[in-house]
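# Please find the sequence and the predicted model below.
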Amino acid sequence: MSSRGVIEAAIDAYEQAIRRASDAQRAVAGRLPFEPARVILRTTADLTRDVGAVQLSGVRWLLDA
């Protein structure tokens, strides 16, 4: 496997990890009986997703440069 392939595999794995973390936060939020806690967890899930997207976008941009 080329170094480019290894890097792309690592990026894909990181993207999947971000998605799993965000999904887990949403799943926990759905089970909480206390509304403010649900809102906070949903918000952190959105932040996790957004920060991960920015990081991935930056890395992909650097690799394409």
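Noted; the coordinates are in hand. Quantities reported herein were computed from a predicted structural model and do not represent experimental measurements.

# Give the buried residues for the host helix or strand of Ala10.
Per DSSP states H and E, Ala10 falls inside helix 3-31. By 16 or more other Cβ atoms under 10 Å, the buried positions in helix 3-31 come out as Ile18, Ser22, Gln25, Arg26, Ala29. C-beta: built from backbone N, CA, C; applies to glycine.

# What is the nearest of those residues to Val59?
Ile18 (12.2 Å; Cβ to Cβ).

# Quick one: residues contacting the closest one.
By Cβ atoms under 8 Å, 6 or more residues apart in numbering, the contact set of Ile18 is Thr48, Arg49, Gly52, Ala53, Leu56.

# Show only the entries of those residues found in helices.
Thr48, Arg49, Gly52, Ala53, Leu56 (DSSP state H).

# Could you pull up the residues touching the nearest residue to the second one once chain neighbours are set aside?
If I follow you right, that is Arg49. Nearest residue to Arg49, sequence neighbours excluded (Cβ to Cβ, 6 or more residues apart in numbering): Ser22, at 4.5 Å. Contacts were defined as Cβ under 8 Å, 6+ apart; by that measure Ser22 touches Ala45, Asp46, Thr48, Arg49, Gly52.

# Report the buried members of the residues you listed.
Listed as buried from these are Ala45, Thr48, Arg49, Gly52; burial here means 16+ other Cβ under 10 Å.

# Assign a three-state SS to the first one, would you?
Pointing back at Ala45 there. Three-state assignment for Ala45 (DSSP: H, G, I helix; E, B strand; the rest coil): helix.
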